[in-house]
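Asker: coordinates only, sequence not included:
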């Protein structure tokens with residue numbers, strides 16, 4: 001069966017979406033009678049009514065509703081494809097999560113711009129509970145995503161840096177909890193008011209038997225636990241990676257949507273947050289944050305640059321990947337032990 005004329009399909013889709021021949025005509029710059037003629041042409045070819053007509057009022061039939069749903073999805077796909085083609089000359093369109101963008105990627109791309117001016121990158125930073133991209137429906141050429149990527153039949157993938165979790169806090173909070181020998185004056189910025197905290201080194205014999213991670217869990221009831229994701233998964237993963245049977249216990253907790261929000265709260269002295277070592281590297285190096293326990297646990301995930309196979313921008317995306325990989329945050333000078341996956345298991 002030959003396809004109906006595109007003008008008839010477009011007229012029907014607009015009339016179905018707006019529920020009006022008049023509004024469809026305004027959208028397509030046609031008269032209402034022209035919209036009506038196009039729809040009758042379509043009905044004749046399909047040999048079934050798509051609208052019921054009651055004077056000036058029209059309503060979709062059941063079969064018309066089904067066709068309208070499919071056509072709306074199809075025209076949206078066509079519109080997105082045309083939009084992507086119109087934007088090709090602007091540069092590489094890169095999608096990335098907000099925490100990575102704020103803590104590292106934005107600075108890396110700013111350095112990239114003068115070094116490789118012929119490879120312009122348009123960054124689109126988005127909050128994503130689970131990092132994802134759909135190159136068929138989203139207008140991006142590539143994306144940096146957090147996950148565990150296996151070979152994909154439709155994507156290329158380049159790992160940039162692994163994800164390592166560790167608890168962080170401000171120097172003042174660390175001193176209050178007895179985790180770091182950093183003195184602070186009462187009421188100093190970043191030192192939250194609260195009850196006196198027992199000294200974990202009060203009993204030397206007992207302290208020798210308690211690991212730094214276990215000692216932190218003992219101290220958490222005296223401060224605020226900061227969860228950088230609503231499902232609170234990062235604290236659970238860190239505790240499990242160190243073989244700790246218990247999870248953080250605190251009478252108060254702050255729950256955020258992103259690692260960036262959790263780290264910002266920790267810098268301001270609001271408690272102890274779980275963080276990604278690579279994203280926290282600059283704050284640790286500058287002293288804004290300290291490691292509440294200097295042991296990072298791998299999650300098995302990592303930040304990957306991904307792009308569709310057969311991309312017209314393949315060589316430019318590969319060049320961008322090489323640039324980014326050469327500039328991932330340095331981790332070796334932070335004084336943090338990084339467990340291997342085998343050790344974490």
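Answerer: Thanks, I have the structure now. Everything numeric in this text was worked out from a predicted model, so none of it was measured.
Asker: Which positions within stretch 37-51 qualify as buried?
Answerer: If you call a residue buried by 16 or more other CB atoms under 10 Å, then stretch 37-51 has these buried ones: 38, 39, 41, 42, 43, 46, 50, 51. C-betas here are computed from N, CA, C, even on glycine.
Asker: Tell me which residues touch the second one, please.
Answerer: Contacts here follow CB atoms under 8 Å, 6 or more residues apart in numbering; on that basis residue 39 touches 8, 11, 12, 15, 21, 50, 51.
Asker: ok, now residue 46?
Answerer: Residues in contact with residue 46 (CB under 8 Å, 6+ apart) are 4, 67.
Asker: and the gap between it and residue 151?
Answerer: Residue 46 is 44 Å from residue 151, where distance means CB to CB, to the nearest Å.
Asker: now do residue 71
Answerer: Residue 71 sits 36 Å away from residue 151, going by CB to CB.
Asker: Comparing those two, which residue is more hemmed in?
Answerer: In terms of neighbours (other CB atoms under 10 Å), residue 71 is the more surrounded of residue 71 and residue 151; the figures are 17 against 7.
Asker: and that one, that one's in a strand?
Answerer: No: assessed with DSSP: H, G, I helix; E, B strand; the rest coil, residue 71 is helix; it does not lie in a strand.
Asker: pLDDT score assigned to it?
Answerer: Listed pLDDT for residue 71 reads 91.
Asker: wait, isn't it in contact with residue 11?
Answerer: No: look at residue 71 against residue 11 with CB atoms under 8 Å: they stay out of range, at 10.6 Å.
Asker: residue at max distance from the center of the chain?
Answerer: Taking CA atoms, centre = their mean, the residue of the chain most remote from its mean C-alpha position is residue 55, at 51.2 Å.
Asker: What does that one show for phi and psi?
Answerer: Backbone torsions for residue 55, taken as degrees, to the nearest 10, come to phi 60, psi -130.
Asker: can you check residue 250 too?
Answerer: Main-chain dihedrals, residue 250, degrees, to the nearest 10: phi -150, psi 140.
Asker: list the buried ones in the host helix or strand of residue 159?
Answerer: Following DSSP states H and E, one finds residue 159 within strand 155-169. For strand 155-169, a neighbour-count test (16+ other CB under 10 Å) marks 155-158, 160-169 as buried.
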